[in-house]
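Colleague: just coords:
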C-alpha cells in the first residue's frame, strides 16, 4: 500500500508522463524529489506540487552519484528518456547513438545502483521502470527499440536479484502517448505529425493511473509488467513510417 512509503524520486518529472505521475503522488503523504534538466519547468511544477527540485542532467554521472547518494528513497520512478535515433539506425548520427544510449540505458543503471541498495537494506521499496511497447515487440527503429528492450531485461533480471528483499519492481510499457516526445527528434515536421497521429493516442494520465494501481497493492503482490496501449494500436512489426514501394505506385 502507498502508506508504506515515505519518499519518492521521479526522473523526467517536469513534463508528460513524469509530470502526471508527480501530480498524482503529490496527493499522498510522500516527500517527492522531482528530477529534470529543464530548470524553468522544474521550478514551476515544484511550486505547484510541493516537490523538491533536482535540476540535473542524468548523463552527468559524477553529479548524479554526488546528489542522489545523499537521498533515502522508497519509490523510484525511472521515467526520463529521449527518442534520438527513432527514425532508424541507418539514418541516425553518431551523436544520436551516444546520447540516447546514455539517457535511455546507462543512466538508468546508475540511478538503480545509487538508490536501490538502501531499499534492500531496509527491506522496503518499489521501483518503476517506464519502458515502451517498442521494447517488447519488433519495430523499424533499431536504436530506440534495443534500448527499451534493455529496460525490459533490466526489469526481469533485477527482479531475480531482488528476490527475498521485499523490494518490488514494476515495468510499465506504454504505447504511443501524447507527450513532447516527438518535439526535437524528427528530421521534418511532417514525420512528427505522422508519428503523433493516425489513431487516438494515450494520455499521460493513463500511464500514471496504471502506476498508482501497482503502487497501491499489498506488499506480497508485485505487478511485474504492464502493457498499456491505445485501443487502435496493435504492436508487432508495424513500421513507424510505412515504406512506399515505387513499383506499386
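Modeller: Received the coordinates, thanks. What you are looking at is a predicted structure, and each value in this text was computed from that prediction instead of being measured. Residues are numbered from 1 along each chain as shown.
Colleague: strands of the protein, start to end?
Modeller: Along the chain, the segments classed as strands by DSSP state E run 7-11, 31-36, 52-55, 75-78, 125-130, 167-174, 225-228.
Colleague: can you list the strands that the longest one pairs with?
Modeller: In its sheet, strand 167-174 lies beside strand 125-130 (parallel), strand 225-228 (parallel), with partners assigned from DSSP bridges.
Colleague: what does the second one give?
Modeller: Using DSSP bridges, the strands paired with strand 31-36 in its sheet are strand 7-11 (parallel), strand 52-55 (parallel).
Colleague: buried residues in the longest one, which are they?
Modeller: Neighbour counts using 16 or more other C-beta atoms under 10 Å place 7, 8, 9, 10, 11 of strand 7-11 among the buried residues. C-beta coordinates here come from the backbone N, C-alpha and C atoms, glycine included.
Colleague: export these to a markdown table and tack on pLDDT and distance to residue 160?
Modeller: Converted to a markdown table, the buried residues of strand 7-11 look like this (pLDDT from 0 to 100; distance: C-beta to C-beta, whole Å):
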| residue | pLDDT | distance to residue 160 |
| --- | --- | --- |
| 7 | 98 | 26 |
| 8 | 98 | 24 |
| 9 | 98 | 23 |
| 10 | 98 | 25 |
| 11 | 98 | 23 |
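Colleague: can you add distance to residue 149 and give those back as a markdown table?
Modeller: Formatted as a markdown table, the buried residues of strand 7-11 follow (distance: C-beta to C-beta, whole Å):
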| residue | distance to residue 149 |
| --- | --- |
| 7 | 30 |
| 8 | 26 |
| 9 | 24 |
| 10 | 23 |
| 11 | 19 |
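Colleague: contacts only, for residue 159.
Modeller: Counting by C-beta atoms under 8 Å, 6 or more residues apart in numbering, residue 159 touches 169, 222, 224.
Colleague: about what we covered before: okay, the strands paired with strand 31-36 in TSV with distance to residue 156 next?
Modeller: Formatted as TSV, the strands paired with strand 31-36 follow (distance: least, C-beta to C-beta, whole Å):
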stretch	distance to residue 156
strand 7-11	20
strand 52-55	28
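Colleague: so which of those is nearest residue 105?
Modeller: In terms of C-beta to C-beta, the element of the strands paired with strand 31-36 nearest to residue 105 is strand 7-11, at 13.4 Å.
Colleague: what about the residue positioned nearest the centre of the chain, distance to residue 200?
Modeller: By C-alpha atoms, centre = their mean, the chain has its centre lying nearest to residue 79, at 2.6 Å. Noted for residue 79: a distance of 22 Å to residue 200, by C-beta to C-beta, to the nearest Å.
Colleague: please work out which of the strands of the chain is packed deepest.
Modeller: With neighbours taken as mean count of other C-beta atoms under 10 Å, these reach their highest mean count in strand 75-78, at a mean of 28.
Colleague: which other residues reach that strand?
Modeller: 5, 7-11, 18, 21, 25, 30, 108, 111-112, 115-116, 119, 125-130, 211, 215.
Colleague: what mean pLDDT does it get?
Modeller: Across strand 75-78, the average pLDDT comes to 98.
Colleague: quick one: low-confidence parts of the protein?
Modeller: 180-188, 191-198, 236-249 (pLDDT under 70).
Colleague: buried residues, the longest helix belonging to it. List them.
Modeller: The longest helix of the chain (DSSP state H) is helix 142-161. Using 16+ other C-beta under 10 Å as the test for burial, helix 142-161 gives 143-152, 154-155, 158-159.
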